[in-house]
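Visitor: Build me a model from this:
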Amino acid sequence: MKKHVSYPQYYDFFEYHGSAQIVRIRKQGKRILRKDWLSFNTVEEALDYFNSGCS
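Guide: From the prediction side, this is the model:
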């Protein structure tokens, strides 16, 4: 699953692939500014965060 959040200077894209990690990619145009891995203790925690915190 993927979601994105728009800001005036950049976009945050969140990718969740069914594991206990979510990838946040911050882009400005086509350029990637930052890539972060958010780690959770369980798959359920990661899915809850993705569904509630990434919108």
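Visitor: what's next to stretch 19-34, contact-wise?
Guide: For stretch 19-34, the surrounding residues in contact (CB atoms under 8 Å, 6 or more residues apart in numbering) are 9-16, 35-43, 45-46, 49-50, 54. All C-beta spots, glycine's among them, are computed from the backbone N, C-alpha and C.
Visitor: all helices of this structure, in order?
Guide: Taking DSSP state H, the helices of the chain run over residues 43-53.
Visitor: show me where pLDDT drops low in it?
Guide: 2-7, 55 (pLDDT under 70).
Visitor: At the geometric centre of it, which residue sits there?
Guide: residue 14 (2.2 Å; CA atoms, centre = their mean).
Visitor: Quick check: that one touching residue 50?
Guide: Yes - with contact defined as CB atoms under 8 Å, residue 14 counts as touching residue 50 (6.5 Å).
Visitor: and residue 42, what is it in contact with?
Guide: Contacts for residue 42 (CB under 8 Å, 6+ apart) come out as residue 20.
Visitor: tell me the contacts of the closest residue to residue 50 other than its chain neighbours?
Guide: Distances taken as CB to CB, 6 or more residues apart in numbering place residue 16 nearest to residue 50, at 4.5 Å, with adjacent residues excluded. If you count contacts by CB under 8 Å, 6+ apart, residue 16 has them with 1-2, 22-23, 46-47, 50.
Visitor: Try it again at 6 Å.
Guide: 1, 22, 50 (CB atoms under 6 Å, 6 or more residues apart in numbering).
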